[in-house]
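> This is a predicted model, with the sequence first.
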Amino acid sequence: MTAQKRIRIRTAEELVCRNRFGSFFGVPQDIFDRVWANLSGSDGNSVAYISMEIGADPDVFHPLRDFLVEEEISATGDPELDALVDKYLHGPRKIPIYSGGLGVLAGDTLKSYADIHIPVLAISLLYRAGYFSQIVDLKVGQIDQATHWEPEKTPTLFQLRDPERPERPLEISVPFTDMNASPVDVRAQVWMKMEIAEELDYFVPEFLLDYSLPDAPPWIHDAARQLYNAESTLMKANQRRMLGSSVLPLLEALGFTSRTIHLNEQHGVTVVIHLILRELRAALGDNYKEKMTDADILAAADRVSQRMVYTIHTPVKAGHDRFSRTLYDRISPPGFRRVLQVLATDEDSPGEYNLTALAMRVNRTVNSVSRLHRDVTRKQFPRFADKITAITNGVHHLTWISENRARTFDRCGALDGWRDDPGIFAHADLAGDRGFRAGLKEAWEQDNSFLVDYVNTMLLSHRKQMVETWIDPPNYLSYLPKADDLQAGVFTIGFARRFSTYKRADLIFDDIRALTDILVRGNWPVNFVFAGKAHPADEPGKTVLKLILDNQEELYARSNGLAKLIFIPGYDMQIAKMMVSGVHAWLNSPKRPLEASGTSGMKAAMNGVPNISVMDGWWVEGYHDGRTGWKFGYEGPVEESSLSEDPDTLLYEEDAQSFYRLLPTVLRTFYEQPDRYIDVAINNLKLNIPIFNTHRMASEYVRRYDLRLNGVTAEMIASFQRLYQSDIENR
Ligand SMILES: *Cc1c(COP(=O)(O)O)cnc(C)c1O
């Protein structure tokens with residue numbers, strides 16, 4: 001279900017494109033050539049975007065597949081091409097190489113770059129065991145398993161060929177140092193994922209490095225297998241180097257010249273060290289390693305800074321890499337060590353290299369992901385306060401607006417052009433349009449029914465599972481002697497996130513008696529639908545997940561069956577989209593200010609779903625005095641203790657009580673003033689879609705890049721920039 005494409009494509013053959021790295025499928029040849037040329041120009045007028053993870057499952061946004069289905073393009077008679085088309089129409093579409101917000105943000109960002117035609121390529125890693133698959137058992141909690149997927153069978157993913165020997169895959173050689181400080185060249189094969197614009201008239205290539213070759217050393221194999229699975233610090237350091245140290249060899253192998261390098265978090269920061277050493281060689285000659293002084297290193301770092309843009313995503317310590325000097329020195333050649341000694345020192349911890357500090361030093365701009373996060377980051381890194389700015393995150397509106405909502409928007413004349421320009425919502429009179437109100441309500445009901453059906457089907461299969469296997473299903477309702485399924489139209493609160501302790505998934509169950517008293521007094525039925533994964537090594541996070549399961553029975557019993565708490569296992573982008581559009585309110589209960597931005601709440605807002613949220617991250621900017629949803633919890637100044645994740649400082653009692661004081665207002669509005677509830681939904685469309693979309697965010701990043709753009713693109717960027725400026729001071 002997409003609008004008419006601007007470019008005319010009639011047959012599958014027109015979507016075949018080739019160059020010396022192989023033959024691909026997705027855009028016409030002239031577009032393919034244009035993108036490749038933009039990335040290879042001698043002026044370096046493009047950006048390399050480096051991210052440890054990219055979440056862009058084609059099962060959630062798939063413009064090419066939609067096009068093939070609509071145009072009924074299925075078979076061509078050419079067996080090779082038919083296989084490709086078939087892969088798009090029927091192939092497994094999950095690319096499970098992301099863990100959460102960081103990866104999904106990267107994917108959404110790249111999709112917007114493709115839609116706006118910005119010359120960008122991305123570099124990340126291909127993990128053959130994905131992140132992990134989650135099974136949930138009522139008694140045990142989360143059980144994690146490796147994820148199996150096959151890049152070969154996944155649409156939009158292609159392995160590059162060696163131009164000299166096309167029968168073989170391309171291999172690049174990445175400089176490493178092993179545990180004995182001996183240099184080794186490690187080889188990686190390269191997969192290209194095409195992030196195709198919704199109009200099929202541009203794409204952003206993502207290059208995923210696959211280090212799991214049969215003859216790779218075992219320490220490389222181990223590190224390459226699974227995202228964020230690091231059994232040792234050494235393995236973690238190797239995973240980071242696999243990303244950062246591959247950037248220059250990859251660009252060179254492909255003939256790309258990108259002058260600007262954007263680090264999406266500091267994971268890939270070793271690229272900076274390689275660039276500095278190159279500068280030093282150019283300035284001092286081949287024996288630069290003997291000659292270079294600290295001043296030379298600092299001067300080289302200044303030159304490299306002009307090329308670097310760095311986004312910092314979290315104030316939480318675990319998000320920043322520190323490595324013991326003893327360990328890191330063992331795996332670093334002497335030149336590397338010198339650079340680290342000058343640029344990666346950690347004042348608080350002299351025995352460690354701090355790679356966040358390195359990323360902080362060497363860049364033209366540091367971007368935090370919301371206004372509040374900017375203020376917190378400045379406090380955490382006072383030395384760099386001047387160059388820390390805010391670019392508030394967004395989400396890709398075409399990915400996250402449900403099909404039912406999108407159909408309603410398509411039918412509304414005042415929203416003409418909303419797919420190209422999410423700013424349209426700001427000026428349309430939606431609240432006064434009775435047809436639109438009815439359409440939005442109906443779409444919401446459909447999305448809610450879809451979620452409810454999904455849950456009920458899951459509960460049914462859990463009942464069977466309980467009989468047939470050793471797994472105890474994670475949902476108490478599956479145990480009831482008589483089915484008590486969810487009903488559509490019952491107020492449904494959604495919560496889905498990584499289970500980190502600071503996100504406080506169990507906050508609203510802090511005092512179950514207080515919570516259920518509210519529901520019983522008002523006779524208000526409520527569904528609580530939860531999902532999310534805890535990192536397999538995060539024991540406290542797993543404990544919180546288990547606590548959610550442990551609360552189900554008591555909540556149900558104390559509320560006389562009014563409150564049903566459901567856990568959906570296997571949180572991924574598809575489940576996220578179903579939840580953010582299918583619930584009536586989205587709950588966000590982190591400890592302020594530890595949720596630097598948060599993006600799932602923006603996905604809800606795009607569908608008109610109000611947030612009930614702590615004043616943290618994006619919600620400080622998206623709240624609009626109660627017109628778009630509700631706030632609760634501590635909103636005072638950020639103190640030293642605010643940054644702690646220590647259980648005693650997590651403010652459970654205060655913030656939970658604040659939630660209970662608020663809840664009756666929300667429920668009364670929903671059940672007794674449905675029209676007013678639709679007003680809140682419409683305010684989200686008008687006030688929040690124009691701000692929290694990645695087109696606007698991308699345009700703010702483009703201003704930080706060193707790029708020249710053609711007239712049409714430059715105009716689009718300017719118009720998106722006018723929607724919102726993240727970096728004004730907080731009021
Ligand atoms: C959007 C999304 C996230 C990030 O949500 P936050 O609110 O930022 O925690 C994590 N995982 C998935 C699958 C998502 O779609």
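Right, received. Where do you want to start? Numbers count the residues shown, from 1 in each chain.
> Quick check: residues of the protein near the ligand?
Proximity of the chain to the ligand, by Cβ under 6 Å from any ligand atom, involves residues 100-101, 104, 497, 571-573, 576, 598-601, 603. No exception for glycine: its C-beta is placed from N, CA and C like everyone else's.
> try 5 Å this time
100-101, 104, 497, 573, 576, 598-600 (Cβ under 5 Å from any ligand atom).
> Next, format the residues you listed as CSV and append neighbour count and secondary structure.
Compiled in CSV, these are given as follows (neighbours: other Cβ atoms under 10 Å; DSSP: H, G, I helix; E, B strand; the rest coil):
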residue, neighbour count, secondary structure
G100, 21, coil
G101, 22, helix
V104, 27, helix
R497, 24, coil
M573, 25, helix
A576, 26, helix
G598, 24, coil
T599, 23, coil
S600, 24, helix
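> Check those and tell me the two furthest apart.
Spatial extent of these (Cβ to Cβ) is set by the pair M573 and G598 at 15.8 Å.
> tell me what the longest helix seen in the chain is packed against?
Longest helix in the chain, counting residues (DSSP state H): helix 434-468. Helices and strands touching helix 434-468, by 3 or more Cβ pairs under 8 Å, 6 or more residues apart in numbering; DSSP states H and E, are helix 403-411, strand 491-496, strand 526-531, strand 563-568, helix 573-582, helix 674-683.
> Could you export those as JSON lines, including mean pLDDT and distance to K387?
JSON lines is the format used below for those (pLDDT from 0 to 100; distance: least, Cβ to Cβ, whole Å):
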{"stretch": "helix 403-411", "mean pLDDT": "98", "distance to K387": "39"}
{"stretch": "strand 491-496", "mean pLDDT": "98", "distance to K387": "34"}
{"stretch": "strand 526-531", "mean pLDDT": "98", "distance to K387": "38"}
{"stretch": "strand 563-568", "mean pLDDT": "98", "distance to K387": "42"}
{"stretch": "helix 573-582", "mean pLDDT": "98", "distance to K387": "33"}
{"stretch": "helix 674-683", "mean pLDDT": "98", "distance to K387": "35"}
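> could I get the ones you listed as CSV with distance to K317?
Output for these, formatted as CSV (distance: least, Cβ to Cβ, whole Å):
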stretch, distance to K317
helix 403-411, 38
strand 491-496, 24
strand 526-531, 26
strand 563-568, 28
helix 573-582, 26
helix 674-683, 37
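> For L460, which of those is the nearest?
Between L460 and the helices and strands packed on helix 434-468, the shortest separation by Cβ to Cβ is 12.9 Å, and it involves strand 563-568.
> Name every strand pairing with that closest one and say which way it goes.
Its sheet considered, strand 563-568 pairs with strand 526-531 (parallel) by DSSP bridges.
> Pull the CA coordinates from the partner strand and hand them back as CSV.
Extracted as CSV, the C-alpha positions of strand 526-531 are listed here (Å, rounded to 0.1, in the frame of the first residue of the first chain):
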residue,chain,number,x,y,z
VAL,A,526,-6.8,-2.6,31.8
ASN,A,527,-4.4,-4.7,29.7
PHE,A,528,-0.7,-4.3,30.4
VAL,A,529,1.2,-5.6,27.4
PHE,A,530,5.0,-5.9,28.0
ALA,A,531,7.9,-7.1,25.8
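> By residue count, what's the longest strand in this protein?
Longest strand in the chain by number of residues (criterion: DSSP state E): strand 183-196.
> mind checking which of the helices and strands packed on helix 434-468 is nearest P593?
Evaluated with Cβ to Cβ, the helices and strands packed on helix 434-468 place strand 491-496 nearest to P593, the distance being 19.3 Å.
> Can you tell me which helices and strands the closest one packs against?
Where contact means 3+ Cβ pairs under 8 Å, 6+ apart, strand 491-496 is packed against helix 434-468, strand 526-531, helix 573-582, strand 585-588, helix 652-672.
> Check which residues of the first one are buried.
Within helix 434-468, the residues that qualify as buried are 436-437, 439-441, 443-444, 446-448, 450-452, 454-456, 458-459, 462-463, counting by 16 or more other Cβ atoms under 10 Å.
> before we move on, back to that, could the helices and strands packed on strand 491-496 go into CSV alongside distance to K193?
Below are the helices and strands packed on strand 491-496 laid out as CSV (distance: least, Cβ to Cβ, whole Å):
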stretch, distance to K193
helix 434-468, 28
strand 526-531, 25
helix 573-582, 15
strand 585-588, 29
helix 652-672, 40
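> one step back: what angle separates the longest helix of the chain from helix 573-582?
Interaxial angle of helix 434-468 relative to helix 573-582 (axes from the mean of the first three to the mean of the last three Cα atoms, to 10 degrees): 130 degrees.
> Flag the shaky bits of this structure, pLDDT-wise.
Residue ranges of the chain with pLDDT under 70: 1-4, 729-731.
> Spatially central residue for it, please.
With distances taken as Cα atoms, centre = their mean, the residue of the chain nearest its centroid is V104 (1.9 Å).
> can you pull the contacts of it?
Taking Cβ atoms under 8 Å, 6 or more residues apart in numbering, we find V104 in contact with 55-56, 98, 395, 573, 576, 599.
> Report the contact partners of R696.
Counting by Cβ under 8 Å, 6+ apart, R696 has contacts 394, 422-423, 690, 720-721, 723-724.
> If you rank these by neighbours, which is first?
Using other Cβ atoms under 10 Å as the neighbour test, the contacts of R696 are led by G394, with 30 neighbours.
> So it sits against M602, correct?
Yes. Counting by Cβ atoms under 8 Å, M602 is a contact partner of G394 at 6.6 Å.
> hey, what's in contact with both of these two?
Shared contacts of G394 and M602, defined by Cβ under 8 Å, 6+ apart, are found at F692.
> which residue packs closest to G101, ignoring adjacent ones?
Once flanking residues are discounted, G101 sits nearest to T599: 5.5 Å by Cβ to Cβ, 6 or more residues apart in numbering.
> need the contact list for the residue in the stretch 1-150 of the chain that the ligand sits nearest to.
Per Cβ to the nearest ligand atom, G101 is where the stretch 1-150 of the chain lies closest to the ligand, at 3.3 Å. Applying Cβ under 8 Å, 6+ apart, we find G101 in contact with 313, 498, 597-600.
> what's the closest of the residues you listed to the ligand?
Of the contacts of G101, the one sitting nearest to the ligand (Cβ to the nearest ligand atom) turns out to be S600, at 3.2 Å.
> List the contacts of the closest one.
If a contact means Cβ under 8 Å, 6+ apart, then S600 has 101, 496-497, 576, 580, 586, 588 as its contacts.
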